[in-house]
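>>> Predicted model and sequence follow; I will ask about them next.
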Amino acid sequence: MVRKRIYELPLEDGSPTEAEVPSVFPELDTRTKKHLKEVVLSLVFAFAVMLVAYLQRDWMSFYQREAVEQLVIRRGSRANKPFSYIKTSSSFWTWSETHLMEALYDGGNAYDNSLQRNSLYKVQWTKFRQERVSQDAPFTIPNDVLSSTFGHCKEPFSSYNKDWR
């Protein structure tokens with residue numbers, strides 16, 4: 001009995017053409033294309049979300065924050081220790097009167113009418129705010145610099161609550 005050859009070998013090297021070889025898993029090609037399409041669409045969507053979120057930010061905000069932090073928090077004054085060494089309210093007021101005023105008013109004194117003599121301030125007028133806080137509410141401060149000073153504060157707080165009199 002003679003066996004019939006399923007494939008004809010028309011190529012010179014004896015290999016069958018692609019059309020002559022049946023696909024072993026025809027659904028594999030469609031599944032692969034479907035998954036690749038989903039991955040590409042997900043990447044395009046993620047890129048669009050990232051682009052929209054990034055373009056909504058002020059492009060100078062990073063530099064402004066870094067400049068103010070370098071000016072006020074990181075820089076140690078010649079007369080006293082930097083902001084990270086503040087532990088009590090008296091040391092805070094000492095720091096604010098010496099280092100903070102020196103940083104904001106470019107080495108000048110804020111109380112000697114230097115603004116009237118056309119000496120400009122670097123950042124803005126200094127404003128201190130008082131927040132009324134209840135002692136028993138939990139409160140965490142994310143900034144490591146302030147947590148050593150104000151670790152006892154509790155949340156929730158507002159500018160007007162039951163402690164306000």
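That came through fine. As the structure is a prediction and not an experimental result, all values here were calculated from the model. Numbering: from 1, shown residues only.

>>> Please count neighbours and contacts with C-alpha atoms only from this point.
Will do.

>>> okay, and for this protein, where does confidence drop off?
Counting by pLDDT under 70, the chain contains low-confidence ranges at 1-14, 16-28, 74-82, 104-133, 137-165.

>>> what's the spacing between Glu66 and Trp59?
13 Å (Cα to Cα, to the nearest Å).

>>> Also Ser84?
Ser84 sits 29 Å away from Trp59 when distances are taken as Cα to Cα.

>>> Looking at the two, which is more packed in?
Ser84 (15 against 10; other Cα atoms under 10 Å).

>>> how close does the more buried one sit to Leu41?
To Leu41, Ser84 is 48 Å away according to Cα to Cα.

>>> cool, and Gln70?
43 Å.

>>> got it, and Asp58?
Asp58 is 28 Å from Leu41, where distance means Cα to Cα.

>>> In terms of helices and strands, where is Val44?
Per DSSP states H and E, Val44 falls inside helix 26-55.

>>> Can you list the buried residues in that helix?
By neighbour count with 16 or more other Cα atoms under 10 Å, helix 26-55 contains no buried residues.

>>> immediately after that helix, which helix or strand?
helix 61-68.

>>> Which element is encountered next along the chain beyond that next one?
Following helix 61-68 in sequence, per DSSP H and E, is helix 89-95.

>>> Just list what that following helix packs against, helices and strands only.
Of the remaining helices and strands, none touches helix 89-95 by 3 or more Cα pairs under 8 Å, 6 or more residues apart in numbering; DSSP states H and E.

>>> Quick check: buried residues in it?
92, 95.

>>> Restricting to C-alpha, output that helix in CSV.
Coordinates of each C-alpha in helix 89-95 appear next as CSV, following Å, rounded to 0.1, in the frame of the first residue of the first chain:
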residue,chain,number,x,y,z
SER,A,89,7.5,77.2,72.3
SER,A,90,10.2,79.6,73.6
SER,A,91,12.8,78.1,71.2
PHE,A,92,10.2,78.5,68.4
TRP,A,93,9.7,82.2,69.2
THR,A,94,13.5,82.7,69.5
TRP,A,95,14.0,81.0,66.1
